[in-house]
Each structure stands twice: as structure tokens, then as C-alpha cells.
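> 3D, please:
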Amino acid sequence: MSVVLVDKPDPQITVVTLHRPERLNAMSIELVLELADTLEAIRADNACRVIVLTGAGRAFCSGLDLKDHGAVPGIDGLQVGQIAQRSMHVYSRLTPLMRSLPQPVIAAVNGDAYGGGMCLALGAELRFAAAGSRFNATGIVNGLSSTEMGASWLLPRLIGAAHSNDLLMTGRVIDADDALRMGLVSRVVPADQLLDTALETAGRMAAFSAYGLAMTKSTIWANLEIASLAAAQELEDRNQLMMGFTANLPEAMRAFAEDRDPVYTDEPRRDLFS
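Have a look, this model is predicted:
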């Protein structure tokens, strides 16, 4: 049975569900590999504009499965250190993989997001939490480090060093309201409305230009690593110019004048050269 489910409620929206509810969607090697393969397949789906990532049952993801984590494939002839390093990479590559997708990802955190589960949510562009969901950096509690899957880089940029240090060094559990206050999530909604809220948001985003969405996502991520405002604006200016060479802006102007919703095709703008 698949441990990652894929549903397309709309051709432009793909819902990815972690499906190990009996283990609170804990990260086994099988789940992580299947999730990576699923995301790579969605990358190639040019009709898909937005991804919603959620969990089955009462948890989003409880982190590494300590009882049944499985074994990474293709390790014949390797020594213990090599196997361990390869295993770590199976998990850590999820964050840059999510970042590299052209489609924005909405994490619909339907329940507890612990350890690697919280880190997985950090890799999404938007995070909505169900009321009652909880977050925790579990590594430090288990005698390890809480710095995994890019958390030590992402979390301070999302919520600031003070809140980040508090979570990563104490291992304390915070609820959805605390997560909202810190800026870890942008919305908290009743549990029975979470997926509908994520899908409604995805639908509004999908009505925008697919090119514009992808460019916005890539620019946001790139500018987290740019050291100056001037450099960030240079990248923004070039990307905006590239978007200006599409027919989208004239379509937006026509739609406004005609009191209708615009339909963006991302086709080249012809009038500039006529």
C-alpha cells in the first residue's frame, strides 16, 4: 500500500497526503523516498500550479519513526559511516527538493508536527495549522540535535533567532496559537476547515500566472540568501522585466476595464514589437 497519496481535486491543484496514520505519519525511509518521488513527478506536471501537503489521520508528521524507520536501498558494500551519511541525505534532501519545485507548497498542518515533521512544514511556502495542532523540535529531546533538514537555517529566518533558539534548544511543545504568534504559521483554522481553507487558497493562487507564481517563489527563496537590498532588487527588477514581456499585464488591464477576472496565459507579448 502506498504511504503517500496523491489527489487532484482540480487539474491545477495537487494534494499530497502522508499516509501512515497508524504511525502518526512518522518518517520511514519508505515514506521519505516515496514523497521525494511524488514531488518529482508533480514537478513535471505542467498543469499543476499549487501543491497542498497534509497528513492522514490526527497528525501531520511525528518525525523520524524510531521503531520502524526502514533501511535505505543501494547500500551493498558500504561501511557504517557511508550508510549513515546516505540515510541522512534521504531525509535532508526533502527541503531543497520542495524549494526547487516550480509550484508553491501549502503545508496544511492537520495535527502534530514534531521533529522532522516540523522541518517538513518549514520547507513549504505557506503553513496553515489546524486548531489543536502542536509543534516541537524533537531531536534535542531524543539526545540528538534539533538542527536537521535545514531547520537551523530556515527557522531563524521565519520567526527570528530568539523564538528559533527557544524551540530548537528547549524541545518544548508549542500549540497552534503560539505558532501563529511567533510567525511559524500564517493561519490557524478549525480542524474541519483546514483542508478547505488550503484548497480555497490554492484555487485563488492557481488563478494567477503560473509563470508569475514560479518566479515569485524562486525570487523569495533566492533573496533569503542575498546579502544586500541592492542585490535583491537587481534580481527582482530582472524577473519583473521578464514577466513584463508576457501578455499578462495587458490582459489584467483589459479585465479591469471589462469588470471580469483576468485569464493569464503567460504567452509572449506581441504588441511590444508591432
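> make it CA atoms for all contacts and neighbour counts henceforth
Noted.
> residue contacts, the closest residue to residue 245 other than its chain neighbours?
Excluding its sequence neighbours, the residue lying closest to residue 245 (C-alpha to C-alpha, 6 or more residues apart in numbering) is residue 269, at 5.4 Å. Residues near residue 269 by C-alpha atoms under 8 Å, 6 or more residues apart in numbering: 244-248.
> could you check the pLDDT of residue 269?
Listed pLDDT for residue 269 reads 92.
> pop out the phi and psi values for it.
Here is the backbone geometry of residue 269 (degrees, to the nearest 10): phi -80, psi 120.
> gap between it and residue 244?
Residue 269 is 8 Å from residue 244, where distance means C-alpha to C-alpha, to the nearest Å.
> over to residue 71?
Counting by C-alpha to C-alpha, the gap from residue 71 to residue 244 is 49 Å.
> do the same with residue 272
Taken as C-alpha to C-alpha, the span from residue 272 to residue 244 is 10 Å.
> more neighbours, the two?
residue 244 (15 against 9; other C-alpha atoms under 10 Å).
> got a list of what the more buried one touches?
Per C-alpha under 8 Å, 6+ apart, neighbours of residue 244: residue 269.
> same thing but at 10 Å, please
238, 250, 266, 268-269 (C-alpha atoms under 10 Å, 6 or more residues apart in numbering).
> pretty sure residue 214 sits against residue 102.
Yes: under the criterion of C-alpha atoms under 10 Å, residue 214 is in contact with residue 102, at a separation of 4.9 Å.
> what do those two both touch?
What both residue 214 and residue 102 touch, as defined by C-alpha under 10 Å, 6+ apart, is the set 49-50.
> between those two, who's got more neighbours?
residue 102 (22 against 18).
> confidence score at the more buried one?
98.
> now do residue 274
The model's pLDDT for residue 274 equals 64.
> for residue 22, helix, strand, or coil?
Classification of residue 22 using DSSP: H, G, I helix; E, B strand; the rest coil returns helix.
> would you mind measuring from it to residue 59?
In terms of C-alpha to C-alpha, residue 22 sits 10 Å off from residue 59.
> same question, residue 134
9 Å.
> again, but for residue 219
31 Å.
> same deal with residue 151?
20 Å.
> starting at the chain centroid, how far to the helix-or-strand element of the chain with minimal mean pLDDT?
When the helices and strands of the chain are scored by mean pLDDT, DSSP states H and E, helix 80-92 comes last with a mean of 84. Put simply, helix 80-92 sits 22 Å off its chain's centre (C-alpha atoms, centre = their mean, to the nearest Å).
> show me what that helix is packed up against.
helix 29-43, helix 116-122 (3 or more C-alpha pairs under 10 Å, 6 or more residues apart in numbering; DSSP states H and E).
> contact partners of it?
Against helix 80-92 from outside (C-alpha under 10 Å, 6+ apart): 27-29, 32-33, 36, 64, 70-78, 116, 119-120, 148-151.
> CA-only coordinates of that helix in CSV, if you can.
Extracted in CSV, the C-alpha atoms of helix 80-92 (Å, rounded to 0.1, in the frame of the first residue of the first chain):
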residue,chain,number,x,y,z
VAL,A,80,28.5,2.0,8.6
GLY,A,81,29.6,5.7,8.2
GLN,A,82,28.7,5.7,4.5
ILE,A,83,25.3,4.1,5.2
ALA,A,84,24.6,6.6,7.9
GLN,A,85,25.5,9.6,5.7
ARG,A,86,23.4,8.3,2.8
SER,A,87,20.5,7.7,5.1
MET,A,88,20.7,11.3,6.5
HIS,A,89,20.7,12.6,2.9
VAL,A,90,17.5,10.8,2.1
TYR,A,91,15.8,13.0,4.8
SER,A,92,17.7,16.2,4.4
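> so which bits of it are buried?
Applying a neighbour-count criterion of 16 or more other C-alpha atoms under 10 Å, one finds 83, 86-87, 91-92 buried in helix 80-92.
> which residues are in contact with stretch 158-173?
112-115, 122, 134-142, 145-147, 151-157, 174, 179-185.
> show me the residues around the closest residue in space to residue 20 that isn't next to it in sequence that make contact.
With sequence-adjacent residues excluded and distances taken as C-alpha to C-alpha, 6+ apart, residue 20 is closest to residue 3, at 5.9 Å. Under the criterion of C-alpha under 10 Å, 6+ apart, the neighbours of residue 3 are 17-21, 25, 28, 30-35, 56.
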